[in-house]
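S.K.: sequence? don't have it. structure:
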């Protein structure tokens, strides 16, 4: 097995770490690297996680993309059942973000004035219900000041500042982590402002600061994101993602 660990594989592990301690929650990672990371978490340190097939069942397979005739189905999970998970707060969802700000407000809907946007995006999707009810994290494969912005143009998923303003109505809001191609971030600060948690190998703190459009909370000592263990690396390459979809989503910078 190659000793070189790619940036995508570091990100997979960082995503997996987002689900550490979740126990029997439904892990709902959306996207290629999030799905691989969620599967890795369940295959190693969080065996009680429930995982979807991306459609209407919960499955026991470790592989990220499983042909229908090979799925080991644990539970039939149609929309009516999925909503039960969502409204009861028993799900940790990892979504994407076209924009995210210092308090974790997310934009998936539009760039520019919402009445006359410069770019029309996906829309609100499930982000309002996700963030008001469930632990939420974000995956951003292209960290730049255009994504990590001072203020999102449209709020689709609410962050910690808006949750505080809503009071009791937002008591279940829990924006936990952001993982990007440069590092890992949390909101474990007194004012719930985004904090640099770790930088990926080969990335400097100054690189992250320069690529962020607001002032991050930066500790005096920022560690490197951990590498996968040999067991994790074998699972990623041989079991979960043997077709290396992770590398197509996030090519290695070398």
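M.R.: Happy to help now that I have it. Everything quoted here is computed from the prediction, not taken from an experiment.
S.K.: Would you mind measuring the gap between the ends of stretch 47-61?
M.R.: 12 Å (CA to CA, to the nearest Å).
S.K.: On the C-terminal side of the lowest-mean-pLDDT helix or strand in the chain, identify the next helix or strand.
M.R.: Lowest by mean pLDDT, DSSP states H and E among the helices and strands of the chain is helix 79-87, with a mean of 88. Counting by DSSP states H and E, the next helix or strand C-terminal to helix 79-87 is strand 91-96.
S.K.: Neighbouring strands - and their directions - for that following strand?
M.R.: strand 26-29 (parallel), strand 135-140 (parallel) (DSSP bridges).
S.K.: List the buried residues of the helix or strand immediately after the longest one in the chain.
M.R.: Per DSSP H and E, the first helix or strand lying C-terminal to strand 135-140 is helix 160-166. Residues of helix 160-166 classed as buried: 160-163 (neighbour count, 16 or more other CB atoms under 10 Å). All C-beta atoms are positioned from the backbone trio N, CA, C, and that covers glycine.
S.K.: Show me what helix 160-166 is packed against.
M.R.: Contacts defined by 3 or more CB pairs under 8 Å, 6 or more residues apart in numbering; DSSP states H and E place helix 160-166 against no helix or strand at all.
S.K.: What average pLDDT does the helix or strand just after that helix get?
M.R.: Next helix or strand after helix 160-166 toward the C-terminus (DSSP H and E): strand 174-180. The average pLDDT within strand 174-180 is 98.
S.K.: which neighbours does strand 174-180 have in its sheet, and in what orientation?
M.R.: strand 135-140 (parallel), strand 183-186 (antiparallel).
S.K.: separation between residue 155 and residue 188?
M.R.: In this view, residue 155 and residue 188 are 22 Å apart by CB to CB, to the nearest Å.
S.K.: ok, now residue 103?
M.R.: From residue 103 to residue 188 the distance is 13 Å (CB to CB).
S.K.: who has more neighbours, these two?
M.R.: More crowded of residue 103 and residue 188, by other CB atoms under 10 Å: residue 103, with 21 against 13.
S.K.: wait, isn't that one in contact with residue 155?
M.R.: No: shown here, residue 103 and residue 155 do not form a contact pair, counting by CB atoms under 8 Å, at 10.3 Å.
S.K.: Tell me where the protein has strands.
M.R.: With strands called from DSSP state E, the chain shows them at 26-29, 50-51, 57-59, 73-76, 91-96, 99-100, 106-107, 110-111, 119-120, 135-140, 174-180, 183-186, 195-199.
S.K.: how about CSV for the ones you listed, with mean neighbour count and distance to residue 127 added?
M.R.: As requested, these are arranged in CSV below (neighbours: other CB atoms under 10 Å; distance: least, CB to CB, whole Å):
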stretch, mean neighbour count, distance to residue 127
strand 26-29, 24, 13
strand 50-51, 22, 21
strand 57-59, 19, 22
strand 73-76, 12, 25
strand 91-96, 23, 7
strand 99-100, 26, 11
strand 106-107, 25, 6
strand 110-111, 20, 13
strand 119-120, 10, 16
strand 135-140, 24, 8
strand 174-180, 24, 11
strand 183-186, 25, 18
strand 195-199, 20, 22
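S.K.: Nearest to residue 4 among the ones you listed would be which one?
M.R.: strand 195-199 (18.4 Å; CB to CB).
S.K.: Rebuild the strands of the chain as CSV, extending it with distance to residue 39.
M.R.: Compiled in CSV, the strands of the chain are given as follows (distance: least, CB to CB, whole Å):
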stretch, distance to residue 39
strand 26-29, 8
strand 50-51, 7
strand 57-59, 10
strand 73-76, 14
strand 91-96, 12
strand 99-100, 24
strand 106-107, 23
strand 110-111, 32
strand 119-120, 32
strand 135-140, 14
strand 174-180, 15
strand 183-186, 18
strand 195-199, 21
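S.K.: Ok, which of those comes nearest residue 221?
M.R.: strand 195-199 (10.7 Å).
S.K.: Fine by me, thanks again.
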